[in-house]
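Novice: Pasting the sequence and the predicted model now:
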Amino acid sequence: MYTQGLDQQGSQDNTEHANADREREAAFQARIDGEEKIEPRDWMPEAYRKTLVRQISQHAHSEIVGMLPEGNWISRAPTLKRKLILMAKVQDEAGHGLYLYSAAETLGTSRADMVDQLLDGRAKYSSIFNYPTLTWADVGAIGWLVDGAAIMNQIPLCRCSYGPYARAMVRVCREESFHQRQGYELMLALCRGNDEQKRMAQDALNRWWWPSLMMFGPSDNESRHTAQSMAWKIKRFSNDELRQKFVDTTVPQAEYLGLEVPDPDLAFDEESGHYRFGAIDWEEFFAVLKGNGPCNRERIEARRSAHEEGRWVRDAARAYARKQAKRAAAQAA
Amino acid sequence: MAEQDWPLWEVFIRSRTGLSHKHVGSLHAADQQMALQNARDLYTRRQEGVSIWVVPSAAIHASDPAERDAYFDPADDKIYRHPTFYDIPDEVEVL
Amino acid sequence: MTGSIDVRAAEPRLEYVLRLADNALVLGQRLGEWCGKGPALEEEMALVNFALDLVGQARMLLSYAAELEGAGHSEDDLAFLRDGMDFRNLLLVELPNRDFAFTIVRQCLFDLYQCGLYEELQRSGDSRLAEIAAKASKESRYHLQHSAGWFVRLGDGTAESHQRVQAALDRIWRYTGELFETDDVETALVAEGIAADPAVLRSEWDNQLDRILREATITRPADDGMASGGRHGRHTEHLGYMLAEMQFLQRAYPGASW
């Protein structure tokens, strides 16, 4: 990746630059190996910067797009307390998106650019949010499973090598702890309820289980970014390790609810102390990633229309700020 | 062509009286009032603060990380600035 | 609990508390609709904050109303099992959000009203009401700062935003007369020192609004063809759709707990 960057520079300097870069890179890697945090204005390899911008902005986009499936149920929440909880949770997600955009901006990419990339389809976000929320139980399943999976991914990121990202993640994780609990509690209420409610809960688990396992990304031997990201301490555990941890903690929770995990191959392996689970349908994963999930188009359209319809508001605020600045200057003169 | 963002602001929160304001992050806002209100909604949803400062990020002047050693290492050997440098017999009280 | 709850023949204090509760609940519900649609993420967070405050107020008020009613109902029974004709909210708060200008103009007019109202109600002879008012008053004061800030920004922003704010105010104006209407219920409670006197609220509302309008370079519409009826359960066509959506689960699965 560095050679691509060097190609654009003057040709005679190549060797010299390459040597200097190698030294700086070695020093950089030594800082990371020593668990030192990298801060925005420190020197860093271009590839590290790019990887981080991609990862943090994808993460931010996921928070923002993730507001949509749950936001879908705010108007229909069955009690006032549940309505408050759901609104506060969705609001937190907006907040998390904003912390993360800010962290990515310290790497020299503007939020406007990142948002543009999301809206024109260049940037990805977590595929899980391309699945629809069809019943109230889906709100519970998202909190329990999707936030549960997200937390497993996110807790290690609190120790990520890039300071602003790590700090944003500390805040995110602290705030997210209620998200998963409220989801599980919601499921519990349904599972202790009438037959129709139990049916809703089981149906939600059936639909969200596999997509939740896919949230950890492709298997380690297929994942392009894992090795380098681990060396840079942008990532601390492999996809498969985290997925296994998720299954191990979630299956007993499903049992407590009296729900059946939709995997006939699921079995506890006494020897390893882990649950073995069936094969993941990666074809589905890649189809959703490519844009052919149930709601990909709807999600992006919703973000686009919010952006377009809000343009005159953002313009007006800028225009007003300019007028005020001019008035202040005129008064001072 | 991306629309231009609202300006960036740095946010400082006093978590309770008696403590100084501490940098907590940044945000975008078109003007000062909006920056304060956005800071309130973004950074104090869980009683994190009793006072907020917002400063345009462009107004922050920072030391250069490349000059870190020149700036900060010279303080390393000035151990006489620390109270533990001085040996005082235990019998002497209130020192 | 299977059918709808009928609290039409309410005693004055219960009637009054339900009016306050329904204003908060219905506007809270409307504001929640902005989730995922705001002009900026920061503003979505602000609007959801307002919704959280208002639904929070609605819970306190509905719980109190349920106590006054004494029929064993809960806050949720009153929110989810009453029919439209038993909602006592102002028409102003049930109108659809339309664009951000409309939402902000409505919010600002309502916040001005709530600030005055809850300022007064802190001194209500009903101690529960005074307690709720103390909390709601703080929230309303913040809401007003925010909505008035945007009212001015948009009014004095670009030609387009100015035109949108003026159009929103023109459209909404006929729903402001109802804010200061009074009836036997309120007159009696004012005399008892329990309710706030609408006549007192009106002059302060007018003064403050004029100040905001001046700053926003927006013209005050004429008081013409004022609409009315919300307090007495005669609503616009919009409320029915809102309730159908809001009450769906409670109505579809009677007696379930959530």
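Specialist: Received, thanks. Treat the numbers as computed from the prediction; the structure is a model and nothing was measured.
Novice: Look up how far C:M226 lies from the nearest residue to C:P198 once chain neighbours are set aside.
Specialist: Setting aside the residues directly before and after it, C:P198 is nearest to C:F180 in space (CB to CB, 6 or more residues apart in numbering or on different chains), at 4.4 Å. Using the backbone N, CA and C atoms, a C-beta is placed for each residue, glycine as well. As judged by CB to CB, to the nearest Å, C:F180 and C:M226 stand 10 Å apart.
Novice: who has more neighbours, these two?
Specialist: C:F180 (16 against 12; other CB atoms under 10 Å in any protein chain shown).
Novice: who's in contact with the more buried one?
Specialist: By CB atoms under 8 Å, 6 or more residues apart in numbering or on different chains, the residues touching C:F180 are C:P198, C:A199, C:L201, C:R202, C:W205.
Novice: any chance of these in TSV, with pLDDT too?
Specialist: Converted to TSV, the contacts of C:F180 look like this (pLDDT from 0 to 100):
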residue	pLDDT
C:P198	93
C:A199	90
C:L201	95
C:R202	96
C:W205	97
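Novice: in the chain, what spans have low per-residue confidence?
Specialist: In the absence of a named chain, chain A is used. A:1-14, A:224-225 (pLDDT under 70).
Novice: Not quite, go with chain C.
Specialist: Ranges of chain C meeting pLDDT under 70: C:1-2, C:9.
Novice: for chain B, what are the nearby residues on it?
Specialist: Within chain C, the positions lying close to chain B (CB under 8 Å from any CB of the partner chain) are C:A40, C:E42, C:M45, C:A46, C:N49, C:Q145, C:H146, C:G149, C:R153.
Novice: and chain A, which of those contact it?
Specialist: C:A40, C:E42, C:M45, C:N49, C:R153.
Novice: among those, who's most crowded?
Specialist: C:R153 (27 neighbours).
Novice: What residues does that residue make contact with?
Specialist: A:A316, A:A317, A:Y320, B:A30, B:D31, B:M34, C:S161.
Novice: likewise C:R231?
Specialist: C:R19, C:R88, C:L90, C:E178, C:E181, C:D183.
Novice: Can you get me a residue count around B:A75?
Specialist: With other CB under 10 Å as criterion, B:A75 counts 9.
Novice: Could you measure from it over to B:D69?
Specialist: Remark: distance between B:A75 and B:D69 (CB to CB) = 11 Å.
Novice: so how far is the host helix or strand of C:E44 off the chain centroid?
Specialist: Assessed by DSSP states H and E, C:E44 sits inside helix C:41-69. In terms of CA atoms, centre = their mean, to the nearest Å, the centre of helix C:41-69 is set 10 Å apart from its chain centre.
Novice: What of stretch A:95-112?
Specialist: Taking mean C-alpha positions (CA atoms, centre = their mean), stretch A:95-112 and its chain are 13 Å apart.
Novice: Return the set of buried residues in that stretch.
Specialist: A:95-107, A:109-112 (16 or more other CB atoms under 10 Å in any protein chain shown).
Novice: before we move on, the earlier item: residues in contact with the helix or strand just after the helix holding C:E44?
Specialist: Downstream of helix C:41-69, the next assigned helix or strand under DSSP H and E is helix C:75-80. Residues outside helix C:75-80 that contact it (CB under 8 Å, 6+ apart) are A:78-80, C:1, C:5, C:7, C:18, C:21, C:25, C:58-59, C:62-63, C:65-66, C:69, C:246-247, C:250-251.
Novice: Could you write me a ChimeraX select line covering just the buried ones among these?
Specialist: Selecting only the buried entries of the contacts of helix C:75-80 in ChimeraX, with 16+ other CB under 10 Å as the criterion:
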select /A:78,79,80 /C:5,7,18,21,25,58,59,62,63,65,66,69,246,247,250
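Novice: quick revisit: weed out the non-buried ones from the contacts of C:R231.
Specialist: Buried among the contacts of C:R231 (16+ other CB under 10 Å): C:R19, C:R88, C:L90, C:E178.
Novice: Name the SS class of the second one, please.
Specialist: So that's C:R88. With DSSP: H, G, I helix; E, B strand; the rest coil as the basis, C:R88 sits in coil.
Novice: Tell me the spatial nearest neighbour of it, not counting adjacent residues.
Specialist: Closest to C:R88 by CB to CB, 6+ apart is C:R19, at 4.3 Å.
Novice: is the lowest-mean-pLDDT helix or strand in chain B anywhere near chain A?
Specialist: Lowest mean confidence among the helices and strands of chain B (mean pLDDT, DSSP states H and E): helix B:68-72, at a mean of 88. No. Judged by CB under 8 Å from any CB, helix B:68-72 and chain A are separated, with a smallest distance of 9.1 Å.
Novice: For that helix, buried residues please.
Specialist: So, applying 16+ other CB under 10 Å, helix B:68-72 has no buried residues.
Novice: repeat for stretch C:193-201
Specialist: In stretch C:193-201, counting by 16+ other CB under 10 Å, buried: C:I194, C:A195, C:A196, C:P198, C:L201.
Novice: Likewise for stretch A:177-195?
Specialist: When neighbours are counted by 16+ other CB under 10 Å, the buried residues of stretch A:177-195 are found to be A:178-180, A:182-184, A:186-191, A:193.
Novice: what about residue 70, how many neighbours?
Specialist: You didn't say which chain, so I picked chain A. Neighbour number of A:E70 under other CB under 10 Å is 25.
Novice: wrong one, chain C
Specialist: 8.
Novice: I'd like to know how far it sits from C:S4.
Specialist: 18 Å.
Novice: Show me which residues of the stretch 201-333 of chain A sit near chain B.
Specialist: Contact residues, the stretch 201-333 of chain A versus chain B (CB under 8 Å from any CB): A:R311, A:R314, A:A317, A:R318, A:Y320, A:A321, A:Q324.
Novice: Which ones among those residues lie within strands?
Specialist: Assignment to strands by DSSP state E places none of those there.
Novice: Any chance of TSV for those residues, columns neighbour count?
Specialist: Shown next, in TSV, are these (neighbours: other CB atoms under 10 Å in any protein chain shown):
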residue	neighbour count
A:R311	12
A:R314	21
A:A317	25
A:R318	20
A:Y320	24
A:A321	20
A:Q324	17
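Novice: Looking at these, spot the one nearest chain C.
Specialist: A:Y320 (4.4 Å; CB to the nearest CB).
Novice: Which residue, other than its chain neighbours, is closest to residue 61?
Specialist: Using chain A. A:Y125 (3.8 Å).
Novice: Please refer instead to chain C.
Specialist: C:L61 sits nearest to C:A21 (CB to CB, 6+ apart), 3.5 Å away.
Novice: name the helices or strands packed onto the helix or strand where the one you found lies?
Specialist: Assigned by DSSP H and E, C:A21 belongs to helix C:12-32. Packing partners of helix C:12-32 (3 or more CB pairs under 8 Å, 6 or more residues apart in numbering or on different chains; DSSP states H and E): helix A:80-105, helix C:41-69, helix C:75-80, helix C:91-94, helix C:100-121, helix C:184-191, helix C:238-246.
Novice: could those go into CSV alongside distance to A:V261?
Specialist: Output for the helices and strands packed on helix C:12-32, formatted as CSV (distance: least, CB to CB, whole Å):
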stretch, distance to A:V261
helix A:80-105, 24
helix C:41-69, 34
helix C:75-80, 32
helix C:91-94, 44
helix C:100-121, 43
helix C:184-191, 56
helix C:238-246, 33
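Novice: Tell me which of those lies nearest to B:Y86.
Specialist: With distances scored as CB to CB, the stretch of the helices and strands packed on helix C:12-32 nearest to B:Y86 is helix A:80-105 (44.0 Å).
Novice: got the residue ranges for the strands in chain B?
Specialist: Using DSSP E, strands in chain B cover B:8-14, B:22-28, B:51-56.
Novice: The first one near chain A anywhere?
Specialist: Okay, so that is strand B:8-14. Yes. Using CB under 8 Å from any CB, strand B:8-14 reaches chain A at B:L8.
Novice: how far off strand B:51-56 does that strand point, in degrees?
Specialist: If you take axes from the mean of the first three to the mean of the last three CA atoms, to 10 degrees, strand B:8-14 sits at 160 degrees to strand B:51-56.
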